[in-house]
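In: What follows is a protein structure lacking sequence information:
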């Protein structure tokens with residue numbers, strides 16, 4: 001590891017003044033999320049050696065089978081964030097409702113709420129494919145000193161103060177933004193420290209990769225079908241290459257580096273798509289825009305959607321700006337269909 005590379009801790013301290021609210025609380029919160037992710041990373045790396053593979057036997061609020069690692073990751077993040085007493089509320093994709101956190105010595109004086117997808121793409125664990133953690137941070141909107149309410153979590157994505165993801169792959173990385181660009185940090189497992197390895201990450205303006213589960217093609221809206229055919233046509237720099245991992249973090253990360261578009265549209269079997277607006281779409285859209293890319297539901301900017309439910313779903317088109325805009329053109333031709 002290059003000794004000249006800054007550690008995550010050094011980077012946070014150096015950029016503290018750039019935070020809108022520089023009390024130090026946000027920095028401590030990001031450090032707490034980092035700690036929990038290191039624990040989850042350790043457990044992910046033990047998959048196959050201990051009994052943490054497969055279904056837990058339970059289902060989450062969406063009726064999906066929970067993997068054993070889903071449950072473990074969820075508990076690790078909850079424990080770390082509550083014990084450090086630096087948040088006033090937590091919402092998780094794996095929980096039915098939000099959790100109000102009362103710091104014993106602060107009486108609800110903390111300012112931030114965290115929304116988290118503890119283990120994105122967890123069904124891939126059994127086959128040793130990259131998975132991740134997605135997080136989103138908001139400043140509460142209800143009065144400090146009172147318990148949090150659902151209103152603190154149901155904020156449009158444009159209100160996020162920080163968002164990011166960890167990807168547990170051939171190396172473990174943290175990629176995050178506080179609204180001042182996107183930076184990536186790689187974990188040195190020998191000493192347990194994250195180093196700045198990908199400064200000022202940006203999406204290529206266009207690319208040659210489209211990521212979508214084409215097995216659902218028959219159920220897609222006509223605009224999506226037409227865009228897929230456009231991607232497959234031999235003209236100019238096309239045909240594009242189809243790459244779909246089934247882990248949002250992995251697909252997003254690859255496309256940000258190489259250039260591409262990720263799509264999970266609505267369909268005849270999922271009228272609002274599959275991805276959760278608060279836990280997946282909003283944080284990834286914030287990262288995308290900070291990296292010069294674009295994110296929409298096919299018609300509207302994701303970050304401007306006003307959520308009404310904790311587990312609300314939304315169609316998601318995200319990636320290189322020119323590719324998303326072209327997909328939106330096809331969607332507009334069949335709007336209302």
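Out: Arrived safely. None of these values were measured; they are calculated from a predicted model.

In: use CA for all of it now, contacts and neighbours both
Out: OK.

In: quick check: longest helix of this structure.
Out: helix 25-44 (DSSP state H).

In: Need the contact partners of it.
Out: For helix 25-44, contacts defined as CA atoms under 8 Å, 6 or more residues apart in numbering pick out 9, 12-13, 16, 69, 72-73, 76-77, 80-81, 84, 86-87, 112, 125, 133, 166, 168, 172, 192.

In: same thing with stretch 5-15?
Out: Under the criterion CA under 8 Å, 6+ apart, residues 27, 31, 185, 193, 194, 195, 196, 197 lie in contact with stretch 5-15.

In: confidence score at the third one?
Out: So the one you mean is residue 185. We have a pLDDT of 97 for residue 185.

In: what's the answer for the fifth one, then?
Out: Among the per-residue scores, residue 194 holds a pLDDT of 95.

In: you'd agree it is up against residue 185?
Out: Yes. With contact defined as CA atoms under 8 Å, residue 194 reaches residue 185; the gap is 5.5 Å.

In: Domains in the chain, by residue range?
Out: 8-198, 209-333 (automatic domain parsing).

In: These: lowest mean pLDDT?
Out: Among these, domain 8-198 carries the lowest mean pLDDT (a mean of 85).

In: So what's the gap between that one and the chain middle?
Out: With CA atoms, centre = their mean, to the nearest Å as the basis, domain 8-198 stands 10 Å off its chain's centre.

In: Distance of residue 322 relative to residue 259?
Out: If you measure residue 322 against residue 259 using CA to CA, to the nearest Å, the figure is 10 Å.

In: which neighbours do the two share?
Out: Here residue 322 and residue 259 have 205, 206 as joint contacts, going by CA under 8 Å, 6+ apart.

In: if we can go back for a sec, for residue 194 and residue 185, list the residues in contact with both.
Out: Going by CA under 8 Å, 6+ apart, residues that sit against residue 194 and also against residue 185 are 8, 173, 174.

In: Compare the residues you listed and tell me which has the most neighbours.
Out: residue 174 (25 neighbours; other CA atoms under 10 Å).

In: Surely residue 331 is in contact with residue 225?
Out: No. Here residue 331 lies out of contact with residue 225, judged by CA under 8 Å, at a distance of 9.4 Å.

In: Could you identify which of the domains of the chain is most buried?
Out: Comparing those by mean neighbour count (mean count of other CA atoms under 10 Å), domain 209-333 ranks first with a mean of 20.

In: now it, how far from the centre of its chain.
Out: Its chain's average C-alpha position is 14 Å from that of domain 209-333, according to CA atoms, centre = their mean.

In: what's the first-to-last distance across it?
Out: With CA to CA as the measure, domain 209-333 spans 23 Å from end to end.

In: try stretch 189-199
Out: End-to-end distance for stretch 189-199, by CA to CA: 20 Å.

In: Residue 165 touches residue 249, doesn't it?
Out: Yes. At 7.1 Å, residue 165 counts as touching residue 249 under the criterion of CA under 8 Å.

In: Identify the contacts common to those two.
Out: In contact with both residue 165 and residue 249: 132, 133, 134, using CA under 8 Å, 6+ apart.

In: Would you mind putting those into CSV with distance to residue 93 and secondary structure alongside?
Out: Formatted as CSV, these follow (distance: CA to CA, whole Å; DSSP: H, G, I helix; E, B strand; the rest coil):
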residue, distance to residue 93, secondary structure
132, 13, strand
133, 11, strand
134, 10, strand
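
In: Adding distance to residue 43, write those out as TSV.
Out: Formatted as TSV, the shared contacts of residue 165 and residue 249 follow (distance: CA to CA, whole Å):
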residue	distance to residue 43
132	12
133	13
134	17
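
In: Can you tell me which of those is closest to residue 234?
Out: Using CA to CA, residue 132 comes nearest to residue 234 of the shared contacts of residue 165 and residue 249, at 34.4 Å.

In: who are the neighbours in contact with that closest one?
Out: Contacts of residue 132 (CA under 8 Å, 6+ apart): 118, 119, 120, 121, 165, 166, 167, 168, 247, 249, 250.

In: who's in contact with the helix or strand that the last one is a member of?
Out: Here residue 250 is covered by helix 248-258, with elements defined by DSSP states H and E. With contact meaning CA under 8 Å, 6+ apart, helix 248-258 is reached by 120-121, 130-134, 165-167, 201-204, 207, 209, 211, 243-245, 261-262, 284, 319-320.

In: what does stretch 201-218 give?
Out: Applying CA under 8 Å, 6+ apart, the external contacts of stretch 201-218 come out as 181-184, 225, 231, 237-244, 246, 251, 255-264, 288, 290-293, 319-323.

In: how long is it from one end to the other?
Out: Stretch 201-218: ends 36 Å apart by CA to CA.

In: ranges for the helices of this protein?
Out: Using DSSP H, helices in the chain cover 8-14, 25-44, 68-83, 222-232, 248-258, 282-290, 321-333.

In: Since that was my last question, I'll sign off now.
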